[in-house]
Structures are given as structure tokens and as C-alpha cells.
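> below are the sequence and a predicted model for it; my questions follow.
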Amino acid sequence: MNNVRECLTPATAPSIVIRPYRPVDAWRVTDIFYNSVHAIEGRYYSLQEINAWAPLPVDYAQWARRLNTRQVQVAEADGNLVGFTAMEADGYIDWLYVHSDFQRLGVASALYARLEQQARHQGLNRLQVHASHLARPFFLRQGFRVVASCSVQRLGVELYNWKMEKSLI
């Protein structure tokens, strides 16, 4: 996936398919997380903050265990895994990450639409998320509101995010 974003136009944008995660996807899903976080560069977070959020080396075994305990949906574009998301039973959105080469092509919107559809089908009254600097505008566009600004310590580094929620009633 080498700068796919630069080559795609609306006429050639990838066809996005959302499907349930399978254990065989674990390695690629983990790579998507690390790619999307480390691609942020200095836009919103320092290198120290990025390395605390997504520390290297990658612990693929830990990620496989985490992925196998959640209801994860993945996005495929032209047969390649390009994004993933997970929602807990109470409507908390745990993850929503898209590979940097496929951002701003509708992948996150397609993943989110599936989550909201799933939440409504389950009769949930609201969705919640802790959104990063990068994700906050996306969730605002989906109708979320900021409830609080938050911080979390990771590897001795303080990271800031926003607790957001959306009513589904």
C-alpha cells in the first residue's frame, strides 16, 4: 500500500466491504493499528506520545488475544484489510483505525455505519468513545458530542483524548 491515496479518484476509489474479524486477520489488523498511529507523525502528537500509544516492538500475540475477545469488524478494500473497529456490549467503541493509505476514502465512515447499525439492532440507547485529536472531528461529524476532556498515562507519558457520546434514541 504505497501512497494509494494519491492515486485514487472518486471514480477509482476502492470498493469497501465490512465483515466480521477472523483470527487469521490478527497480524494484519495489528499492523493497521501501528501504521495508523505512527503515521500521525507530529500533526497531533509528539514522537514520545506516539511511541507510548503504540509501543514498539509490536506484541502480535497480545493483540491476537485482545482481538479474539472482542466483536471486531474489519474493512476490506479491493481484497486488502484496510481498517477495523470494535464495540463493547454497552456501546463503547473500543477501536476504529484505518490504514494511513486509505484514510479519507470512506473506510472509517463505513466501519462506523456498521457499528451504529449493530448498536441500534441490539437496542442500545447510546454510543461512547474516547477519541484522539485525529478522531474527534470524525466523531463530531457522526453526531457525537464531547462530554469531557481526559488524559491517560501510558508508559509514563500522559496522552489526551475526549470522552464523547451519541444518543441513539
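Arrived safely. Numbers count the residues shown, from 1 in each chain.

> spatially central residue for the protein, please.
With distances taken as C-alpha atoms, centre = their mean, Leu96 lies nearest the centre of the chain, 1.6 Å away.

> excluding chain neighbours, what is closest to that residue?
Thr85 (4.3 Å; C-beta to C-beta, 6 or more residues apart in numbering). For glycine as for every other residue, the C-beta is placed from the backbone atoms N, C-alpha and C.

> can you name the residues that contact the one you found?
Val72, Gln73, Ile93, Trp95, Leu96, Tyr97, Leu111, Tyr112, Arg114, Leu115 (C-beta atoms under 8 Å, 6 or more residues apart in numbering).

> what do you get if the cut-off is 6 Å, keeping everything else the same?
Contacts for Thr85 were tallied using C-beta atoms under 6 Å, 6 or more residues apart in numbering; they are Gln73, Trp95, Leu96, Leu111, Leu115.

> which SS state does it fall under?
Per DSSP: H, G, I helix; E, B strand; the rest coil, the secondary structure class of Thr85 is strand.

> where's it relative to Ser46, distance?
26 Å (C-beta to C-beta, to the nearest Å).

> kindly report the same for Asp59.
Distance from Asp59 to Ser46, by C-beta to C-beta: 22 Å.

> who does Met164 form a beta bridge with?
Beta-bridge pairing of Met164 under DSSP bridges involves Val129, Val146.

> now the helices for this structure?
Counting by DSSP state H, the chain has these helices, from start to end: 4-7, 26-38, 47-53, 60-67, 107-121, 136-141.

> neighbours of the residue nearest to Val98 when sequence neighbours are not counted, how many?
Distance criterion C-beta to C-beta, 6+ apart; nearest residue to Val98, sequence neighbours excluded, is Gly83 at 3.9 Å. Counted with other C-beta atoms under 10 Å, the burial measure for Gly83 works out to 26 neighbours.

> just checking, Gly83 touches Glu76?
No: look at Gly83 against Glu76 with C-beta atoms under 6 Å: they stay out of range, at 8.8 Å.

> got the contact list for Arg43?
Neighbours of Arg43 in contact, by C-beta under 6 Å, 6+ apart: none.

> mind checking how far it is from Ser15?
Arg43 is 29 Å from Ser15, by C-beta to C-beta.

> ditto for Leu159
35 Å.

> okay, the two: which has more neighbours?
Leu159 (18 against 8).

> what residues are up against that one?
Glu49, Val152.

> isn't Asp78 up against Pro14?
Yes: between Asp78 and Pro14 there is a contact at 4.7 Å, judged by C-beta under 6 Å.

> how distant is stretch 68-88 from the center of its chain?
9 Å (C-alpha atoms, centre = their mean, to the nearest Å).
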